[in-house]
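Asker: the following block contains a protein sequence and its predicted model.
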Amino acid sequence: MTIKIRTFGVASDLLGARNMLLTFSGNTVADLKRHLVTIYPRLLDLNSFFIAVDQEYAQDSVILNEASEIALIPPVSGG
């Protein structure tokens, strides 16, 4: 499956792009996370990161498809 991913904040810096196309063989958010840290091991430097699917934070069990709107969101701090 080929999906389009938007990245934000430090995640954009770690992946080197704000928008990217990624081909992987899984179909869940958990599969995507595993694939991302395999090809971008610097993501492990983050305390955590989140995947949003269709503008909603997604649990690892969410099924992805090529039409899904996917975002990679790093930890957010503020005050």
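Answerer: Yep, it's here. Numbering: from 1, shown residues only.
Asker: quick one: the strands in the chain?
Answerer: For the chain, strands defined by DSSP state E occupy the ranges 2-7, 19-23, 50-53, 56-57, 70-73.
Asker: what pairs with the shortest one, and is each one parallel or antiparallel?
Answerer: For strand 56-57, the paired strands and their directions (DSSP bridges) are strand 50-53 (antiparallel).
Asker: ok so, going back, the strands of the chain: which one's closest to Lys33?
Answerer: Of all these, strand 50-53 sits nearest to Lys33, with 6.5 Å by CB to CB. C-beta: built from backbone N, CA, C; applies to glycine.
Asker: in that closest one, what's buried?
Answerer: Buried residues in strand 50-53, counted by 16 or more other CB atoms under 10 Å: 50-53.
Asker: how far does it sit from the chain's center?
Answerer: 6 Å (CA atoms, centre = their mean, to the nearest Å).
Asker: repeat that for stretch 69-79.
Answerer: Put simply, stretch 69-79 sits 10 Å off its chain's centre (CA atoms, centre = their mean).
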